[in-house]
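K.L.:
quick one, what's the 3D model for this:
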Amino acid sequence: MRQRIIWLLVAISSVASVVAAIRWSLLHPLPLYWDEANYINQSIIDHRLFQSGGVIRLLKQLLFSDPERPPAYRAIAVGATLFSTPTLLKLRMVSLALSVTAMVVLWNGMRAVSSPVNAAVAAAAVFSMPGILFGAAWYGTEFPLYLAIALLIDSLLRERPFELALAIAIGSLAKTTFFLIGVPTIFTATFVDRKPRLFFYAIAGSLIAAPWWAIRWRSALEYARYGATGARWAVTRGLADRAVTFVGGFGILTFVASLLLLEPSWRAWRTQRRAILISLAGSLPLPMAAAISPVFVARHFAPAFLPLAVLLAIGASVSHWRENVALALVCVQTISLAAFVSVLFPSSEPIDWSWLRSTISKRKPVISFIGLLPGLSPPEIRYAWLREGDDADVSWLWAPENQRIDWPRVMDLALTSDIVLVVPPFEVTQMSEIDQRDNVFNGELITRLEASNAFEAPQVKELGHSRQHLFIFERKQGLPATAARPPTR
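P.N.:
Now for the predicted structure:
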């Protein structure tokens with residue numbers, strides 16, 4: 001009877017997690033942030049090229065475009081939308097389905113060190129962590145990473161070397177983050193088992209990913225370094241802020257539940273030493289690396305929670321009351337996420353750029369902009385064209401990372417654009433100091449555009465419920481792209 005109740009609670013928690021992910025997706029019909037817009041754009045382009053050029057052209061696209069991100073998420077997207085145009089909702093559902101599959105694989109692996117019901121409790125707890133669930137809900141690079149980690153844990157706990165090779169192949173092509181989980185885990189398992197053959201299977205898996213990494217290793221590692229240490233959103237945070245972010249990645253109730261399950265897991269050290277060491281090797285390095293980075297985002301280190309599930313499964317088998325309380329807390333959290341997803345999940349107000357598309361008659365317009373607002377980015381603007389079967393050439397004229405501004409280049413790009421978008425100075429004055437750094441040259445660009453006599457008087461557009469404003473400079477009809485340029489400084 002007790003086990004039936006636990007299975008029922010696990011089912012309730014899992015369904016509530018899926019409902020939370022779907023509700024969030026329906027509440028956000030547009031890409032969230034620059035990243036998700038870039039991911040969906042890449043997948044739409046991949047699908048087009050596959051439809052027009054077949055497998056060979058697709059393979060070239062996966063190898064040679066987007067050099068910074070491994071292509072597993074795009075390859076899976078093409079396979080999932082082989083006979084239909086990819087949409088954001090479809091690809092988010094692919095992400096969610098593969099993430100659920102990863103939890104099933106993880107559960108299967110944990111049955112080697114715990115009972116099926118205790119393994120299910122651990123898997124439900126991990127899936128309900130907001131850092132994990134958000135990565136499953138949106139369309140990004142997390143879902144193939146989850147699958148690779150789950151396969152890795154399953155292969156090591158159940159001693160399936162061929163599955164290990166598959167895990168390495170998928171993980172290496174999923175995200176650079178995988179190396180901070182996979183490499184320590186394999187080294188630990190090899191040391192504990194004293195079976196060097198694991199390395200041979202790992203090498204076999206890595207050979208599948210070798211062609212992409214042989215071409216793109218430099219740009220991929222540079223992008224990973226930029227994202228971890230030099231990103232424009234990097235901030236200095238104290239230990240208290242990092243603790244809040246870390247607990248937020250768990251979810252407060254799941255964090256308490258995990259503490260209840262983790263503490264007794266150490267009592268099993270003698271009988272489960274191998275599984276505990278594998279779990280620690282996979283779950284500690286990534287959060288530790290994230291902790292010393294100025295960029296501390298739950299979605300970045302949350303994949304390390306998957307190996308942690310092994311410790312939770314072992315702990316759940318030690319004490320009935322801890323297991324009961326932990327699972328009750330997980331259920332409360334998942335139901336709360338499903339009911340209040342708009343408050344408890346990351347949220348933003350994206351801009352639907354369809355209105356801009358309707359003002360330009362060209363099939364592939366040239367658009368440039370300076371300054372930043374929420375929802376104003378090259379991939380988010382471009383998405384309005386790509387989802388309708390067209391395309392747009394979108395340029396960001398200046399980024400704060402460049403520090404100095406190259407006015408001759410900026411004006412060359414602006415004066416060859418059909419539309420130039422500028423965040424107006426009166427909008428900038430209301431921003432925080434951090435946001436103002438993105439908009440320091442907006443006023444001078446407005447002066448230069450007006451002096452060029454190449455554009456109509458700017459229109460003012462009010463954006464979304466936040467009522468933020470944007471200047472729209474449209475090139476004069478019939479004026480060639482070689483319009484007179486104002487003198488540069």
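K.L.:
quick one: which helix or strand includes residue 420?
P.N.:
strand 419-422 (DSSP states H and E).
K.L.:
can you name the next helix or strand after that strand?
P.N.:
Past strand 419-422, the next helix or strand by DSSP H and E is helix 425-428.
K.L.:
okay, now the sheet partners of the strand holding residue 420, with direction.
P.N.:
Next to strand 419-422 in the sheet, as set by DSSP bridges, lie strand 366-370 (parallel), strand 468-474 (antiparallel).
K.L.:
average model confidence for that strand?
P.N.:
For strand 419-422, the mean pLDDT works out to 95.
K.L.:
tell me which of the strands paired with strand 419-422 lies nearest to residue 119.
P.N.:
Closest to residue 119 of those, according to CB to CB: strand 468-474, at 48.4 Å. C-beta coordinates here come from the backbone N, C-alpha and C atoms, glycine included.
K.L.:
longest helix in this structure, by residue count?
P.N.:
When the chain is parsed with DSSP state H, its longest helix is helix 33-64.
K.L.:
how about that helix: buried residues?
P.N.:
By neighbour count on 16 or more other CB atoms under 10 Å, the buried set for helix 33-64 is 33, 35-50, 58, 61-62.
K.L.:
likewise for stretch 264-284?
P.N.:
Buried-residue list, stretch 264-284, by 16+ other CB under 10 Å: 264-265, 268, 272, 275-284.
K.L.:
secondary structure element holding residue 90?
P.N.:
Using DSSP H and E, residue 90 falls in helix 88-110.
K.L.:
out of the helices and strands in the protein, which is least certain?
P.N.:
Sorted by mean pLDDT, DSSP states H and E, the helices and strands of the chain end with helix 433-436, the least confident at a mean of 74.
K.L.:
how much space between residue 305 and residue 328?
P.N.:
With distances taken as CB to CB, to the nearest Å, residue 305 is found 20 Å from residue 328.
K.L.:
so which of those two has more stuff around it?
P.N.:
Neighbours per residue, other CB atoms under 10 Å: of residue 305 and residue 328, the larger number sits with residue 305, 26 against 14.
K.L.:
phi first, then psi, for the residue nearest the centre of the chain.
P.N.:
Residue closest to the average C-alpha location in the chain (CA atoms, centre = their mean): residue 140, at 4.2 Å. Torsion angles at residue 140 (phi, psi; degrees, to the nearest 10) stand at phi -150, psi -150.
K.L.:
now for residue 320, how many residues are close by?
P.N.:
Residue 320 - counted by other CB under 10 Å - has 11 other residues nearby.
K.L.:
that should have said residue 299, apologies.
P.N.:
Neighbours of residue 299 (other CB under 10 Å): 17.
K.L.:
doesn't residue 131 make contact with it?
P.N.:
Yes. Using CB atoms under 8 Å, residue 299 makes contact with residue 131 at a distance of 5.9 Å.
K.L.:
anything in contact with each of these two?
P.N.:
residue 249 (CB atoms under 8 Å, 6 or more residues apart in numbering).
K.L.:
run through the residues that contact residue 317.
P.N.:
114-115, 118, 268, 323.
K.L.:
which ones among those lie within helices?
P.N.:
118, 323.
K.L.:
lowest-confidence entry in the contacts of residue 317?
P.N.:
residue 268 (77).
K.L.:
the closest residue in space to it that isn't next to it in sequence and residue 302, how far apart?
P.N.:
Spatially, and ignoring its direct neighbours in sequence, residue 268 is nearest to residue 314 (5.1 Å; CB to CB, 6 or more residues apart in numbering). Plainly put, residue 314 is 21 Å away from residue 302 if you go by CB to CB.
K.L.:
who has more neighbours out of these two?
P.N.:
A direct count of neighbours by other CB under 10 Å for residue 314 and residue 302 places residue 314 higher, at 28 against 25.
K.L.:
JSON lines please, covering the strands paired with strand 419-422 and showing mean neighbour count and mean pLDDT.
P.N.:
As requested, those are exported to JSON lines (neighbours: other CB atoms under 10 Å; pLDDT from 0 to 100):
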{"stretch": "strand 366-370", "mean neighbour count": "24", "mean pLDDT": "95"}
{"stretch": "strand 468-474", "mean neighbour count": "19", "mean pLDDT": "92"}
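K.L.:
which one of these lies nearest to residue 349?
P.N.:
Closest among the strands paired with strand 419-422, using CB to CB: strand 468-474, at 9.3 Å.
K.L.:
centre of the chain to the closest one, how far?
P.N.:
Distance, stretch centre to chain centre, for strand 468-474: 30 Å (CA atoms, centre = their mean, to the nearest Å).
K.L.:
with stretch 130-144 instead?
P.N.:
That offset, for stretch 130-144, works out to 6 Å (CA atoms, centre = their mean).
K.L.:
and it, end to end?
P.N.:
18 Å (CA to CA, to the nearest Å).
K.L.:
what about it, average pLDDT?
P.N.:
Rounded mean pLDDT across stretch 130-144 is 94.
K.L.:
same deal with stretch 56-69?
P.N.:
pLDDT averaged over stretch 56-69 gives 86.
K.L.:
neighbouring contacts of it?
P.N.:
42, 45-46, 49-50, 71, 74-75, 78, 141, 175, 211-212, 215-216, 219-220, 222-223.
K.L.:
same question, stretch 209-219
P.N.:
Everything outside stretch 209-219 that qualifies as a contact, by CB under 8 Å, 6+ apart, is 62-64, 67-68, 70-71, 168-169, 172-173, 220.
K.L.:
so which of the contacts of residue 317 is the most crowded?
P.N.:
residue 114 (27 neighbours).
K.L.:
residues contacting that residue?
P.N.:
122, 313-314, 316-317.
K.L.:
next, the buried residues of stretch 90-100.
P.N.:
So, applying 16+ other CB under 10 Å, buried residues of stretch 90-100: 90-96, 98-100.
K.L.:
and the strands in the stretch 151-300 of the chain, which stretches?
P.N.:
Using DSSP state E, counting those that start in this stretch, the stretch 151-300 of the chain contains no strands.
K.L.:
okay, now the unreliable bits of the protein?
P.N.:
230-238, 478-489 (pLDDT under 70).
K.L.:
per the record, what domains does it have?
P.N.:
2-344, 354-474 (automatic domain parsing).
K.L.:
out of those, deepest packed?
P.N.:
domain 2-344 (a mean of 20; mean count of other CB atoms under 10 Å).
K.L.:
quick check: the farthest pair among the contacts of residue 317?
P.N.:
Counting by CB to CB, the most remote pair of the contacts of residue 317 is 268 and 323, 13.9 Å apart.
K.L.:
let's see the distance spanning stretch 400-413 from one end to the other.
P.N.:
17 Å.
K.L.:
if you could redo that for stretch 394-404, that was the one I meant.
P.N.:
End-to-end for stretch 394-404, by CA to CA: 21 Å.
K.L.:
quick one: residues in contact with that stretch.
P.N.:
Under CB under 8 Å, 6+ apart, the answer for stretch 394-404 is 232, 366-370, 377-379, 381-382, 405, 410, 413-414, 417, 437-438, 440-441, 445.
K.L.:
ranges for the helices of the stretch 351-489 of the chain?
P.N.:
354-357, 378-386, 407-415, 425-428, 433-436, 442-452 (DSSP state H, counting those that start in this stretch).
K.L.:
list the residues that contact residue 33.
P.N.:
348, 377.
K.L.:
what's the separation between it and residue 377?
P.N.:
Counting by CB to CB, the gap from residue 33 to residue 377 is 8 Å.
K.L.:
again, but for residue 261
P.N.:
The separation that residue 261 has from residue 377, given CB to CB, amounts to 41 Å.
K.L.:
same question, residue 338
P.N.:
From residue 338 to residue 377 the distance is 30 Å (CB to CB).
K.L.:
ditto for residue 472
P.N.:
16 Å.
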